[in-house]
Structures are given as structure tokens and as C-alpha cells.
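Trainee: can't give you the sequence, but here's the structure:
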């Protein structure tokens, strides 16, 4: 099988079973999801803690579910749930309890893991902005919005802990 199909040469692409323009907002959202996922994979290369790697794998899996949910474009076919948001909140709280209180602005730049987790945070915020844009045109799963909102806090807190 060839990697290229030439079907996208006219500016359209497949979104599950339908063709859409490559500038369709669903494609932009899934592109942003892909960027976060790729950045997570790079961050993992700089992390040795097995528990953290397992958490990042869980987040990566949830992103696959999220991308499918966005491509389905059906509010009744949700793939991200309250339990996923709760998972992030519990992880944030668990890490935060072990960290010093913040008293000033900090940069996550002490090591490559921090820098890449900071990039995950930035990419998550970009994803959140396009999700909000999509939601303003067609309502999406509220748990997807909540999950992505929590992600930037999660990556910031995880970065602080590394």
C-alpha cells in the first residue's frame, strides 16, 4: 500500500465516511489533537518514571477517543466522559500536594522533560481554543471541553514535578 493516495490533492480529505475541505474546523481540531499527541510522545522520551509514563499513555489513549468523537460529529456518540476529567483532576491534586506553593511566575526550563511538558501545555491550550471555536458552531461533548481545559493545568503541574 502506498502512503500517498492523491485524493487530497484538491484540498479535500476523508473524515471517517465523508469528504470535507482540509480547512474544515473538525480537521483543524483533529490536527491540534495530533500535535498534542506527538508532543506527548517526545516528552515521554525524557521521562523515566513508570507511573508518569502510564499516565501519559492513558492521556494519549483518551486523545485517540477524542479525535474519533470529533470526526463522528455526533453529540450522542461521546468518547470522553466525566471519569476522564476526574482522572486528570485527581492526578493534578496528587502531584500538587507534594509541590511547594507557587509564589511567583516560573518557567519550566530546568531539564528537557520540563521543557517538553511545557510544550504539551502550550499545545493543549491551542487545542482548547479551536475546540471552543468548534463548540460555538456546533455543540460538542462538554466533557471533551472540560478535559482539554484541565490538560494545561495537568501538564504544568507534571512539569513542576519533574
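Mentor: It's in. These numbers come from a predicted model, not from an experiment. Numbering: from 1, shown residues only.
Trainee: Please make it C-alpha for all contacts and neighbour counts, starting now.
Mentor: Will do.
Trainee: Which secondary structure elements does whichever helix in the chain runs longest sit against?
Mentor: The helix spanning the most residues in the chain, taking DSSP state H as the definition, is helix 112-137. Packing partners of helix 112-137 (3 or more C-alpha pairs under 8 Å, 6 or more residues apart in numbering; DSSP states H and E): helix 25-44, helix 142-161.
Trainee: burial of residue 153, as a residue count?
Mentor: As a burial measure, residue 153 scores 17 neighbours (other C-alpha atoms under 10 Å).
Trainee: typed the wrong thing, it's residue 115
Mentor: The tally of other residues near residue 115 (other C-alpha under 10 Å) stands at 18.
Trainee: How far away from the center of its chain is the one helix or strand residue 88 maps to?
Mentor: Here residue 88, judged by DSSP states H and E, is contained in helix 82-97. Relative to the centre of its chain, helix 82-97 is centred 15 Å away, using C-alpha atoms, centre = their mean, to the nearest Å.
Trainee: Quick one: mean pLDDT over it.
Mentor: Helix 82-97 shows a mean pLDDT of 97.
Trainee: relative to helix 142-161, how tilted is that helix?
Mentor: 20 degrees (axes from the mean of the first three to the mean of the last three C-alpha atoms, to 10 degrees).
Trainee: What residues sit buried inside helix 82-97?
Mentor: For helix 82-97, a neighbour-count test (16 or more other C-alpha atoms under 10 Å) marks 84-85, 88-89, 92, 96 as buried.
Trainee: Many thanks, we can stop here.
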